[in-house]
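A.B. asks: here are the coordinates; sequence isn't available:
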């Protein structure tokens, strides 16, 4: 019997279930980044429980998402306690790479996330941290990079290094981008769809101006563009390895014409 892994199933699925439209590229990941605009990071060497409770009250009081972080390997950089508050887009220019390795939340995050964290730590030891649940473990390995707030998914050690090189050079790694943290899902999807269509790869090429209902206005190299993004429920599927329940994830599409 083959052990079920949600990340493998997501890779094999199209937007309407196994073999549906969108395969063999897998379930679309554009528009799936966390929408939180403020983040509170607390160092905790673990082991982490399945649900994070430490610092949650402090985070809620500050209107922030709470993430526990730890070093993937021992290093002199960042030794000692660590606490940082980030508010997008006003984070510092210092790069910070948070890789989800929260195995007690979902085994895919540990199996796929830890090798990615190790590869990034070997290259960027000061910037790299393991972190708790980022959402979308079926897109493991996944990470969020600051200060850009770009969230990436379906990484392995090799593609993670290449994608971070792109980010640090000021470019959007479109093959693995889920969206920008702090943006509504429709805006994330519109951003990535238009980038692919027009070849806009610079991180600063697209800026969110406004969202209203299903419409998104973006500032682009071609001027301000307003597009409509439709959302409908997809085919119910298992969202994690441990949970047998199925759930319909939203399917986003750019309205044409």
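C.D. replies: Okay, I see it. For clarity, every value in this text was computed on a predicted model and none was experimentally measured. Residues are numbered from 1 along each chain as shown.
A.B. asks: Next, residue 144: secondary structure please.
C.D. replies: strand (DSSP: H, G, I helix; E, B strand; the rest coil).
A.B. asks: Can you spell out which residues form a bridge with it?
C.D. replies: Beta-bridge partners of residue 144, counted by DSSP bridges, are residue 98, residue 151.
A.B. asks: So the closest residue in space to residue 170 that isn't next to it in sequence versus residue 142, what's the distance?
C.D. replies: Leaving aside its sequence neighbours, residue 170 sits nearest to residue 203 (C-beta to C-beta, 6 or more residues apart in numbering; 5.2 Å). Where C-beta positions appear, they are placed from N, C-alpha and C, glycine not excepted. In this view, residue 203 and residue 142 are 19 Å apart by C-beta to C-beta, to the nearest Å.
A.B. asks: out of the two, which sits in the more crowded spot?
C.D. replies: More neighbours surround residue 142 than the other of residue 203 and residue 142, with 32 against 18 (other C-beta atoms under 10 Å).
A.B. asks: is it true that that one touches residue 153?
C.D. replies: Yes - using C-beta atoms under 8 Å, residue 142 makes contact with residue 153 at a distance of 4.4 Å.
A.B. asks: Between these two, which contacts overlap?
C.D. replies: 136, 178 (C-beta atoms under 8 Å, 6 or more residues apart in numbering).
A.B. asks: I figured residue 143 was touching residue 151, is that so?
C.D. replies: Yes - taking C-beta under 8 Å as the definition, residue 143 is a contact partner of residue 151 at 7.2 Å.
A.B. asks: Next, show the common contact partners of those two.
C.D. replies: Listed as contacting both residue 143 and residue 151 by C-beta under 8 Å, 6+ apart are residue 134.
A.B. asks: how close does the residue nearest to residue 186 when sequence neighbours are not counted sit to residue 179?
C.D. replies: Closest residue to residue 186 in three dimensions, ignoring its sequence neighbours and counting by C-beta to C-beta, 6+ apart: residue 229, at 4.1 Å. Applying C-beta to C-beta, the value for residue 229 to residue 179 is 12 Å.
A.B. asks: Now for those two: what residues contact both?
C.D. replies: Residues touching both residue 229 and residue 179 by C-beta under 8 Å, 6+ apart: residue 189.
A.B. asks: and residue 161, that one's in a helix?
C.D. replies: Yes - counting by three-state DSSP, residue 161 falls inside a helix.
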